[in-house]
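K.L.:
here is a sequence with its predicted model. Questions after.
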Amino acid sequence: MFLSPRYAHPQPVKRIGFLRVGPPPEHFIAGFRRGLREQGLIEGQNIVIDWGVAGSVARLPDALAELIRQKVDVLVASGTSSVLLTRDVARTIPVVFVAAVDPVAMRLVTSVAHPGGTVTGITALAEELNGKRLELLQHLIPNFSSVAFLVRAGSPATAEHTKQAERAAGALGVRLHVVAARDHDDLERAMFAARGAGALLVVDDTVFTTHRGKIAELALKNRLPTMYGLREMVEAGGLMTYGPDYGDLYRRAAEYVQKILQGAKPSGLPVQRPNKFEFIINLKTAKALGLTVPPSLVARADEVIE
């Protein structure tokens with residue numbers, strides 16, 4: 001018997017788990033929700049999003065365990081710590097990640113083109129990014145010859161991030177001094193240790209993103225021009241950022257979520273790379289540091305905070 005749409009069986013509701021340390025920046029979520037809508041996935045109609053936001057890296061396993069108890073159909077892992085945990089724990093649940101990490105070096109996938117397991121996603125890592133960031137600092141800071149590199153002690157991705165930063169600095173003849181902070185309480189010591197460097201390059205890390213206001217405050221206190229990979233860091237008072245448009249990365253992650261919900265396997269979905277980048281300068285911070293930003297650099301910026 002023919003059933004009219006009025007009496008047709010409703011579309012089953014799918015559960016999406018979102019795992020992250022610290023609250024995700026607003027434009028991450030806006031991009032993700034926009035991507036879901038573009039794929040016909042509407043919260044409260046055919047999907048539910050369970051937010052597994054951990055207050056610290058140590059609480060991340062608890063957040064993941066709760067998402068697993070919710071029987072989510074797919075996991076979105078936001079940030080390196082989240083994706084590495086899902087690789088080790090959520091073995092049967094498909095995972096879409098957005099993270100500044102080399103997925104092959106971190107053994108998340110067999111290869112970028114053929115992930116080969118239950119994990120795929122969008123890597124914010126582009127080999128040339130640190131080189132570009134250092135070049136921008138050279139254009140701004142007279143006689144720029146040394147940079148401190150702030151990383152998170154204990155992060156499994158720190159060794160890989162450091163290796164890439166060393167290559168970029170070496171190619172430009174810039175001395176790199178690695179400074180590690182364990183957590184929020186360790187930031188003041190780490191930032192004091194960075195004093196004397198020509199600038200501070202900050203690794204993309206969810207813990208640092210969460211405490212971006214504190215980092216900006218300490219950088220100004222220690223007279224350190226800062227370069228980041230995320231717009232929120234500059235909006236919080238950092239000096240400059242050059243990096244992927246994360247809103248677009250999360251929009252693209254939503255496309256993979258839809259493909260998986262329709263039956264695609266992560267093993268057959270190639271890891272994607274950034275294709276949109278943004279350069280932002282905070283002129284208020286430059287003024288506070290006594291730096292004059294050349295008009296040529298301002299002209300290259302996608303956005304200027306005054």
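P.N.:
Ah, there it is. What you see is a predicted model, and the numbers here were worked out from it, not measured in a lab.
K.L.:
report the separation between Arg251 and Met233.
P.N.:
Distance, Arg251 to Met233, using C-beta to C-beta, to the nearest Å: 21 Å. Just so you know, the C-beta spots here come from the backbone N, C-alpha and C atoms, and that holds for glycine as well.
K.L.:
please disregard the earlier target; I meant Ala190.
P.N.:
Ala190 sits 16 Å away from Met233, going by C-beta to C-beta.
K.L.:
the more surrounded of these two?
P.N.:
Neighbours per residue (other C-beta atoms under 10 Å) separate Ala190 from Met233, with Met233 holding more: 28 against 20.
K.L.:
check which helix or strand covers that one.
P.N.:
Secondary structure assignment for Met233, by DSSP states H and E: helix 231-235.
K.L.:
which residues does Leu60 contact?
P.N.:
Leu19, Val21, Ala54, Ser81, Ser82, Leu85 (C-beta atoms under 8 Å, 6 or more residues apart in numbering).
K.L.:
contacting residues for Arg167?
P.N.:
Asn130 are the contacts of Arg167 under C-beta under 8 Å, 6+ apart.
K.L.:
now do the SS call for it.
P.N.:
helix (DSSP: H, G, I helix; E, B strand; the rest coil).
K.L.:
and it, how far from His177?
P.N.:
Counting by C-beta to C-beta, the gap from Arg167 to His177 is 15 Å.
K.L.:
Phe97 too?
P.N.:
In terms of C-beta to C-beta, Phe97 sits 30 Å off from His177.
K.L.:
cool, Ile281 as well?
P.N.:
Distance, Ile281 to His177, using C-beta to C-beta: 24 Å.
K.L.:
out of the two, which sits in the busier spot?
P.N.:
A direct count of neighbours by other C-beta under 10 Å for Ile281 and His177 places Ile281 higher, at 25 against 15.
K.L.:
in a strand, that one, correct?
P.N.:
Yes. Per three-state DSSP, Ile281 lies within a strand segment.
K.L.:
partners of it in the sheet?
P.N.:
Met240, Val304 (DSSP bridges).
K.L.:
equivalent analysis for Phe97, please.
P.N.:
Beta-bridge partners recorded for Phe97 (DSSP bridges): Ala77, Gly121.
K.L.:
burial measure for it, as a count.
P.N.:
Counted by other C-beta under 10 Å, the residues lying close to Phe97 total 30.
K.L.:
how close does it sit to Ala165?
P.N.:
Distance from Phe97 to Ala165, by C-beta to C-beta: 21 Å.
K.L.:
ok, Pro61 next?
P.N.:
Look at Pro61 and Ala165: by C-beta to C-beta, they are 29 Å apart.
K.L.:
between the two, who's got more neighbours?
P.N.:
The neighbour count for Pro61 versus Ala165, taken as other C-beta under 10 Å, is higher for Ala165 (23 against 13).
K.L.:
got the contact list for the more buried one?
P.N.:
Contacts of Ala165 (C-beta under 8 Å, 6+ apart): Asn130, Phe149, Leu176, Val178, Leu201, Val203.
K.L.:
any idea which element the third one lies in?
P.N.:
By that I understand Leu176. Going by DSSP H and E, Leu176 is in strand 175-181.
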